[in-house]
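Chemist: kindly return the folded structure for what I paste below:
(chains A and B)
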Amino acid sequence: MDKNIKILIVDDFSTMRRIVKNLLRDLGYNNTHEADDGATALPMLENGDFQFVVTDWNMPIMQGIDLLKAIRKSPKLKALPVLMITAEAKREQIVEAAMAGVNGYIVKPFTAATLKAKLDKIFERFE
Amino acid sequence: MEKAPLTLGDIQEVEEMLECGMQDEAEQRIIALAQKLEKDSVYSQVGVLTRDLHDAITRFADDERLRVITNVEIPDASERLRYIIDMTDKAANSTLDAVESCEPIVNSLLATIDNLMPAWDQLMHGQIDRFEFVNLCHKIDNLIRKTRDIAEKVSDQLNKIMMAQDYQDLTGQMIQKVIKLVAEVEDKLVKFLKSCGANAVDVSKNVKNGSGIEAEGPALSKHIESKQVAQSQDDVDDLLASLGF
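Modeler: So this is what the prediction gives:
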């Protein structure tokens, strides 16, 4: 997988964005950008050539699940892979995200190994 | 109070009043009869309830402790919770600062080692000439000094990471205080409800457990135990696999 792919990290907590950014950098992905909720992320995605999205679920204004649905509805973005990293762990929620077309689902707290495994799995499918 | 049954006599009495043209008296008699019949049911029950409620509200409103809680301790608790957010944010950021400042220096150490590795391998295999040997000695001298410098810097940052963990103790103490306050308020509310005559209904059964789709943040342990919530990443993976993921 091309390690230079442009990645958008969406989370309302700046520390979590930093952690994800650091973990991605350790895995060799340096081209990361940040947004603090779905409403900020969506125009960035529409206007930028992002190839991957990592998003939280619980955020103000526009939640991650709504961002995912908006991405799948957009003709331009519908094929964009989306990985959810969230504290939301109810079964209905996981099923909801799956139905909405999420490509991977990680529950917080998570480890670097989990992130790597999910990324590998997603990219394997896209290659 | 005994509930007196309606008798034929009562009705006859009213009838006689009407026959004598005592319209007002007859109507009043009817109302009195109706009240007598109703006494033990609705009227008296409403009366008792009203009195109980009035007493409970008076007791509740006169509770000196409750005034302290509302005016001082709850605003104080909100302040504490805000402080906890600030402290944990600061701790996370200073830890990340330390980690991020270590990253480039450790990487530069790795680069230096990679750079002298070919000459070092040659030396280890006894295939090095005098010129390369001298060159290697300079590189190793540089590496030793650099390693020492970097070890000091990393140790410094590790120390910062350790010190940043002091938030756990401080926020823990504050959270304990807030928990104590919440428990006291809960206790007072339960007593209030009981003194109002309300049965201690198990409302938790009636409270919706969320639509399932709404974001709720980290799961509480009682939800994890009830199996409504995925217990681990493996659980999430199994669930997704069962959906054909």
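
Chemist: for whatever helix or strand B:Ala241 lives in, packing partners?
Modeler: If you go by DSSP states H and E, B:Ala241 is part of helix B:233-242. Judged by 3 or more CB pairs under 8 Å, 6 or more residues apart in numbering or on different chains; DSSP states H and E, helix B:233-242 is in contact with helix A:91-99, strand A:104-107. From N, CA and C alone the C-beta is placed, and that goes for glycine too.

Chemist: for chain A, longest helix please?
Modeler: The residue-count maximum for a helix in chain A (DSSP state H) belongs to helix A:112-126.

Chemist: near chain B at all, it?
Modeler: Yes - contact of helix A:112-126 with chain B (CB under 8 Å from any CB of the partner chain) involves A:Thr114.

Chemist: show me what that helix is packed against.
Modeler: By 3+ CB pairs under 8 Å, 6+ apart, helix A:112-126 packs against helix A:14-26, strand A:82-86, strand A:104-107.

Chemist: need the contact partners of the shortest one.
Modeler: The contact list for strand A:104-107, computed with CB atoms under 8 Å, 6 or more residues apart in numbering or on different chains, reads A:81-89, A:94, A:97-98, A:114-115, A:118-119, A:121-122, B:230, B:232-233, B:236, B:240.

Chemist: around chain A, which positions in chain B sit nearby?
Modeler: Neighbours of chain A within chain B, by CB under 8 Å from any CB: B:89, B:92-93, B:96, B:99-100, B:103, B:210, B:212-213, B:215-219, B:223-224, B:228-230, B:232-233, B:236, B:239-240, B:243, B:245.

Chemist: now, these that are in helices?
Modeler: Judged by DSSP H, the residues of chain B next to chain A include B:89, B:92-93, B:96, B:99-100, B:103, B:223-224, B:233, B:236, B:239-240 as members of helices.

Chemist: out of the residues you listed, who has the most neighbours?
Modeler: B:Val236 (22 neighbours; other CB atoms under 10 Å in any protein chain shown).

Chemist: bridging residues for the residue nearest the centre of chain A?
Modeler: With distances taken as CA atoms, centre = their mean, A:Val54 lies nearest the centre of chain A, 1.6 Å away. Going by DSSP bridges, A:Val54 is paired in beta bridges with A:Ile9, A:Leu83.

Chemist: the helix holding B:Ala241 - what's its average pLDDT?
Modeler: Per-region confidence: helix B:233-242 scores 89 on mean pLDDT.

Chemist: can you give me the angle it makes with helix A:112-126?
Modeler: Going by axes from the mean of the first three to the mean of the last three CA atoms, to 10 degrees, helix B:233-242 is angled at 20 degrees with respect to helix A:112-126.

Chemist: from what I see, B:Ala91 and B:Ala164 are in contact.
Modeler: Yes - B:Ala91 lies in contact with B:Ala164 (CB atoms under 8 Å); the separation is 4.6 Å.

Chemist: quick check: neighbours shared by those two?
Modeler: Going by CB under 8 Å, 6+ apart, no residue sits against B:Ala91 while also sitting against B:Ala164.

Chemist: follow-up on the earlier one: which single one of the ones in helices among the residues of chain B next to chain A is nearest to chain A?
Modeler: Relative to chain A, the closest of these is B:Ala92; by CB to the nearest CB it sits at 3.9 Å.
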